[in-house]
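S.K.: This is the structure alone, sequence omitted:
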């Protein structure tokens, strides 16, 4: 398939059962995640007036709410007036559910739905409210221009998720995120059918949830930035209204500095002198040898269970070297007495005792890889940040698992990489029984370098691609079509209030101190943030770093990245015969280069922007290299001897760290240069 | 002064006491509102590390909060690390207040502050927390690039507002605005030193505040879109923390359809069959002849007084034709009995009785123009939507007044028009005593055609210009310099979370269904919304209209409007000798024109966008006219006979309504054409 940005493109990778009728010509399948089964009928449902909704069956008020919101979005997308006096709803929509679904949504909630659209109306059938809500999101994504107005193609969809656990973890410990940010995140999750919001609430850098029993946790451990219990209840209700579970995480025994700031008497020996500002593994740990610790945990988790009804509670459990456990005589003696040979054994002891509380609360315990220690009860779910191998190992031992390793957004990798990482490929070395233990996956958004301004552009739209991986058939792996659909979903997400497409411009205006950012915007669109690790190395970020640099105004994997790679691939397949792609590539390189004088002028006037001065110089050189390469390749001419080596040096130079951003087109450029003959 | 967008410009209009020293060269005075007195010292305060703050004097916790937020913003603006372990604050900032200020901020709150910046530190002295907060906002606006970093020029400012009442009214009745929208609005208000948030809470189209005594008001009258009492308390607290009073408005006896939907027994006869969706004056009115009405009002206002501590309560009182009062026999009899000769007299009777409750609550009543009826007690404040004449008339009769007529944002007029409208020019025909009765002014944001997506771009940045009118000396009237500073303030406001510079792009992406909006964005930047009235005429908007058109993605008075007018003025002063301005103008016109092919292509693919198709054709013609005119004028050539008439026809054609948007450059273009000789 040729990638033509401006043309309607038929659905790519999926083997669509039937694509019939005249509508086909203009048909765009913009669904994400793609449904498990889809077939097309003839014609389409023309959207000439707002929806007359019928809701037979037994459902909760939340379904009415979801329908109300969906109809508003449909009205908006199709330019329709909302229902009310003087407006007669005309487009028929039936939403039929068998039951509201579980009182507390669990892993076993039936999320299946059927959506039937004909030229006379649409009907969603689902076992539960949650399934019906998924159907509504699909319906919205199907709206498309048709003649003078809008329509939904006639379609039959039967859809059910591949994995039951499809999560997004947001770290609100290292940097706090206000409630409205989380609400719009939940809206985005619902749009792409994610169903678990994993709320990382405590960290070395901050204890973010109010405890009325232990008020010092936030008084001393949060810099005043925390969620009240009412906030948390509001988030839980907001999530439930969107078919999303909320799994809270309370880190223990490590990542607990903020806790120990409030209650130093719980420490294993060394007492922190304040909230930890540096990131990385800390040495502070709660003392696993004292009964008071377990009394505390028991009361605290009991209090939290009143707020978080989900049957899973995440206790973290990762990265707790706890050197005190080797040196504190009381702890050493305790370990000896209980025959605990090392820290790992002591942590396993800790987990086992905490598990008692978790079980008393009728909940399941979840933890990161490290909780998987010998003797761990089988009821614990292991979340793997180490990788599939670790997950499979767990399954072989009989543990349920959720994969996160390939979905770390702070790696600033492209959507395609995350997209192609399967939680459980069909050729994985597991038995069918073990396969059942792999519940799904979770995208993780760690917050070392995250602010409320940048969070959306780091989460979205990449997470939508992963959401498809968690929901859709395994064999759906067409990256080009994924990117095509991702652009549409990205705009849909923006319509829900997410700021991922806007915050960059705001940052550029702030840096340049002007609204005149046309050149700067184009320039920035060919640069992306380096990974968390690289930024850390360059900037030594900690919690006190102002996240106000050029890097904070660019986004990972901007659309031009894949676009240019795609054109490059196409062009290299037939360099002397592909004038179209060449022209597009050359025009883009010329445009990038043309921004530089204005960008340099603005950089000189703005010290913070001037961090990226070297990137401006390099932009001129790299784009020239690209244009030269295109010219040699298209004309079939040879480059002068030494040209390639010189250009590759230049590329190597541009790959060195600078301004904590990197060029998006450097891999494609390298391919172009290498393809030139000398 | 030449208007050069990209150059540092010295402060324009104000007679600065002294501008001394080397810093002057790069000095930009970006303050808005301008202080009443400012003088410059030598050098500047270099911002090399975050602030070490001292707060001698007695103050509330809110000042600590305000300082904390201000320091964060200063850190961010200057690229500094925040204070904390390992970060030693170095820049000295003393914030000294004499007292926290009034427990309930009143008209008499002393808002004066002094700000002294030297090369070694900054000091704010104020009588109250509120004054000190104003000083902090000024300090932030003074930050500017300096060499490799940032600095604040050495300066002495003594600042006090010209008017005590500097308000913004937001109509949350006709369309609801969520709490986060209001919070960011309050942040914007604080940044430009506005001090009254007038909260229009009830309307024909919705009753937006929860009453626990009369729950049906929101159950039946709000479509579920209302502020809980806790929401309202949160807003009041948020405002107080920013030195802003909250004056709630509860409309009576008219504009009360939503109230009567809930309690039809209060109506004057005709009972509404539902929330009113149409806008404009309604005939429904509460019955002023029944004791039950006053009992209701008394209980309701009593309940509201618990939430809104401000000593003013706004009862609306406008636009209540109430035909029932002329036909309902009981009301007619009542009027006869009480010698009330017409509706106006009956409304005056109503106001007088409601005033009893207001006084019982130790509050002052406020109402729109119409409340000013013979016999109105002198304690009532009249808010004038009819104009200065009405305000002056009130003052002559001894009534306090607040001017709103020239500050209606939904007229979509340019900032300059609002800016130049003075609430009380020094030559106004009033005595010094009467002058004191004019408390100030209020910008009004009516919400007939407003959504949470568009509100920010309608309020900001224009309101910042009016805020200066309310605060700064009367003789500050340099429109060019105002626009120069407005661009900076606009970006500052965006940094506070306001979306006025972003929401347009989001709308364009939504309409075009793509991220590729470079052409469309430029095209849209030369178009602005027509006034509320014109839109109403063209679209017959009501509450059910989806506000999802091209017009909703453009903003009033975009910066290129004044810029092009300015260049035109400069060019016309010396057409054959001003190559610089001509080149800029021509380049812009060419660029606008060049967007059209791509814009037309996108319009064809997007029915909602296609509404503006005629504007695209006209764009080509008008820009060509502009370029031709520039050419004739610059070369001193005559145009062929009939050219002017033809171009003016074309301009007239383009001034006709289409797509509810208008060209921003049409007045300037007309001037250019008219200047051409034939």
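M.R.: Sure thing, it's come through. Here the structure is a predicted model, which is why all the values come from computation and not from measurement. Numbers count the residues shown, from 1 in each chain, chains lettered A, B, ... in the order given.
S.K.: Distance-wise, check residue A:477 relative to residue A:671.
M.R.: 22 Å (CB to CB, to the nearest Å). Yep, even glycine has a C-beta here, placed from its N, CA and C like the rest.
S.K.: Residue A:180 now?
M.R.: Taken as CB to CB, the span from residue A:180 to residue A:671 is 43 Å.
S.K.: residues near the closest residue to chain B within the stretch 101-250 of chain A, how many?
M.R.: Chain B sits closest to residue A:180 of the stretch 101-250 of chain A, with a gap of 4.5 Å, by CB to the nearest CB. When counting by other CB atoms under 10 Å in any protein chain shown, one arrives at 17 neighbours for residue A:180.
S.K.: show me the contacts for it.
M.R.: By CB atoms under 8 Å, 6 or more residues apart in numbering or on different chains, the residues touching residue A:180 are residue B:180.
S.K.: So what's the gap between whichever strand or helix holds it and the chain middle?
M.R.: Secondary structure assignment for residue A:180, by DSSP states H and E: helix A:179-191. Between the centre of helix A:179-191 and the centre of its chain there are 12 Å (CA atoms, centre = their mean, to the nearest Å).
S.K.: right, and the helix or strand after it?
M.R.: strand A:196-200.
S.K.: Now do that next one and helix A:179-191, the angle between them.
M.R.: 150 degrees (axes from the mean of the first three to the mean of the last three CA atoms, to 10 degrees).
S.K.: Show me which residues of the stretch 351-500 of chain A sit near chain B.
M.R.: Counting by CB under 8 Å from any CB of the partner chain, the positions of the stretch 351-500 of chain A adjacent to chain B are A:487, A:488, A:490, A:491, A:494, A:495, A:499.
S.K.: List only buried entries from the residues you listed.
M.R.: A:487, A:488, A:490, A:491, A:494, A:495, A:499 (16 or more other CB atoms under 10 Å in any protein chain shown).
S.K.: Helices of the stretch 351-500 of chain A, residue ranges please.
M.R.: Taking DSSP state H, counting those that start in this stretch as the test, the helices found in the stretch 351-500 of chain A are A:388-396, A:415-420, A:432-437, A:455-459, A:462-471, A:479-495.
S.K.: Least confident of those helices, on average?
M.R.: When the helices of the stretch 351-500 of chain A are compared by mean pLDDT, helix A:388-396 comes last with a mean of 89.
S.K.: Give me the buried stretch members for that one, please.
M.R.: Neighbour-count burial for helix A:388-396 [16+ other CB under 10 Å]: A:388, A:390, A:391, A:392, A:393, A:394, A:395.
S.K.: likewise stretch A:503-520?
M.R.: For stretch A:503-520, by 16+ other CB under 10 Å, it's A:503-517, A:519-520.
S.K.: quick one, the helix holding residue A:180 and helix A:479-495 angle?
M.R.: 140 degrees.
S.K.: Let me see the mean pLDDT of helix A:179-191.
M.R.: 98.
S.K.: Over to stretch A:367-387?
M.R.: Stretch A:367-387 comes out at a mean pLDDT of 89.
S.K.: Between the two ends of it, how far is it?
M.R.: 14 Å (CA to CA, to the nearest Å).
S.K.: So what touches that stretch?
M.R.: Taking CB under 8 Å, 6+ apart as the rule, stretch A:367-387 contacts A:312, A:314-320, A:344-345, A:347-348, A:351-352, A:355, A:359, A:364-366, A:390-391, A:393-394, A:397-406, A:408, A:439, A:442, A:444.
S.K.: Weed out the non-buried ones from those residues.
M.R.: Applying 16+ other CB under 10 Å to the contacts of stretch A:367-387 flags A:312, A:314-320, A:345, A:347-348, A:351, A:355, A:364-366, A:390-391, A:393-394, A:399-406, A:408, A:439, A:442, A:444 as buried.
S.K.: Among those, which are located in strands?
M.R.: A:312, A:314-316, A:364-366, A:400-403, A:439, A:442, A:444 (DSSP state E).
S.K.: which two in those residues are spaced the farthest apart?
M.R.: The most widely separated members of these, counting by CB to CB, are A:364 and A:444 (19.7 Å).
S.K.: quick one, strands of the stretch 1-150 of chain A?
M.R.: A:37-47, A:51-54, A:91-97, A:113-118, A:121-126, A:144-146, A:149-159 (DSSP state E, counting those that start in this stretch).
S.K.: Can you lay out the ones you listed as TSV showing mean neighbour count?
M.R.: Shown next, in TSV, are those (neighbours: other CB atoms under 10 Å in any protein chain shown):
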stretch	mean neighbour count
strand A:37-47	19
strand A:51-54	18
strand A:91-97	21
strand A:113-118	22
strand A:121-126	22
strand A:144-146	21
strand A:149-159	21
